[in-house]
Structure formats: C-alpha cells, structure tokens
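S.K.: Build the 3D model from these lines:
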Amino acid sequence: MKKWIFLLTSFFIIGIAAFNTSAQSPSASATAKVTATVVTPIQITKTADLTFGKIVAGSNRGTIKIEPNDTKTTTGDVTIAAFPNEITTAAQFIVDGHPNATYSISVPTSLIVTRQGGTETMVIDNIITNPTTTGTLSENGEQTVKVGATLHIEANQAIGTYENENGITVTVAYQ
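M.R.: Next comes the predicted model:
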C-alpha cells in the first residue's frame, strides 16, 4: 500500500508540475487607449504694412531702419521727410490658433523694392520680428507679431514710389 500511495503521490506531483509548465504562456499582451485631437489651424492676418515713409535721398548712400516697436533710425545721407500725417511703421500681423500653443516665425532674409514705372531698386534686409523666431499664443489663442527691417537707399536714388509686388511674407507654424 505504501508503494501505491508513493506512486499516486508521484503521479499527482508530476501532473501538477506538467499543468503548471503548460499553463505558462510564452507571450503577454496589454491594451493602450488610442486618441487624437484636432485643433484650430494656425492662421496669420496682416493688420499693418511695413512703411518707411517719404524719404529724401542725398548725394551719399544711407539707410532707414524701422524696428518692430516702430522706432526708426537713419544712417548716412538720408532723411525721412516730416510731412503732416506721414506714417512710418513696422508691419503688424495677428496670429490665431490653439490657445497657449508655441509656433515658429520665419521671414525672408531680404527683398527688393522696385520703383513703379521704372527699373531702379532698393534692398530691404535685416528683417526682424517681435517675438523673434518663436511665439506663444495667449489663452485666447492669439498674438501680435511685428516686423521691422532696414531699407538701403543709394546716392541720388531716383524719385518715385518703390514697392515689392509680393510684399513681405511672414510664415508661422505650430511647433
């Protein structure tokens, strides 16, 4: 009888060991929730043009610099004429989008303005923005971006109105 109990006990232990071995799986799995949120597209709208005003060119070269805060400075033989109601201003844009979102700002490095009805040109460079290369939208999802630049006037620059047909493009994108 002791042999039978020993044998039955041995089979029982072997059976449990075999069951435990076969019950273990070589793989495991878990499930994650999948979500996506569509937000307001970023937009930009011009509210003011970059205006250097009425300029008197001298017999030597010069520049006019308009800062994003509308401060202006001149160098060389150039004067901004002080006519009544004459406006010099940085360009201004309103950026709208998802509240508190961060976005990048890019502008061209330079552009050329050409005299209407002529071929004479002037270069605009040192184009800067405020905020600089990135901005953050407010809790209402908007921010003002101002753009300044430097205009280079040649000696005895031809009289006339100069413009860039395509304007100055400011590009914004969510980061």
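S.K.: can you give me the helices in this protein?
M.R.: In the chain, helices defined by DSSP state H lie at 2-23, listed in chain order.
S.K.: Can you find the helix or strand in the protein with the smallest mean pLDDT?
M.R.: Taking mean pLDDT, DSSP states H and E as the measure, the helix or strand of the chain with the lowest value is helix 2-23, at a mean of 59.
S.K.: Quick one: residues contacting K54.
M.R.: Neighbouring residues of K54 by Cβ atoms under 8 Å, 6 or more residues apart in numbering: 80-81, 83, 86. From N, CA and C alone the C-beta is placed, and that goes for glycine too.
S.K.: Among these, which pair sits farthest apart?
M.R.: I80 and F83 (9.5 Å; Cβ to Cβ).
S.K.: Please identify which of the two sits among more neighbours.
M.R.: Per other Cβ atoms under 10 Å, whichever of I80 and F83 has more neighbours is I80, with 17 against 9.
S.K.: just checking, that one touches I55?
M.R.: Yes. Using Cβ atoms under 8 Å, I80 is in contact with I55, at 6.1 Å.
S.K.: what touches both of the two?
M.R.: If you check I80 and I55 against Cβ under 8 Å, 6+ apart, the residues they both contact are I64.
S.K.: what's the spacing between S110 and G58?
M.R.: Distance of S110 to G58, given as Cβ to Cβ, to the nearest Å: 23 Å.
S.K.: which residues in this structure form strands?
M.R.: Using DSSP state E, the strands of the chain run over 43-48, 55-66, 72-80, 91-96, 102-106, 110-115, 121-130, 134-136, 142-153, 162-163, 171-174.
S.K.: Which residues does stretch 124-135 contact?
M.R.: 65, 67-69, 95, 102-113, 143, 145-152, 164, 168, 170, 172, 175.
S.K.: May I have it exported as PDB, CA atoms only?
M.R.: C-alpha atoms of stretch 124-135 as PDB (Å, rounded to 0.1, in the frame of the first residue of the first chain):
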ATOM      1  CA  ILE A 124      15.500  95.700 -47.700                       C
ATOM      2  CA  ASP A 125      17.300  93.400 -45.300                       C
ATOM      3  CA  ASN A 126      17.900  92.700 -41.600                       C
ATOM      4  CA  ILE A 127      14.200  91.700 -41.400                       C
ATOM      5  CA  ILE A 128      13.400  91.100 -37.800                       C
ATOM      6  CA  THR A 129      10.300  90.100 -35.800                       C
ATOM      7  CA  ASN A 130       8.900  90.600 -32.400                       C
ATOM      8  CA  PRO A 131       8.600  88.000 -31.000                       C
ATOM      9  CA  THR A 132      11.700  86.700 -32.700                       C
ATOM     10  CA  THR A 133      11.800  83.200 -34.100                       C
ATOM     11  CA  THR A 134       9.100  81.700 -31.900                       C
ATOM     12  CA  GLY A 135       5.900  82.900 -30.300                       C
END
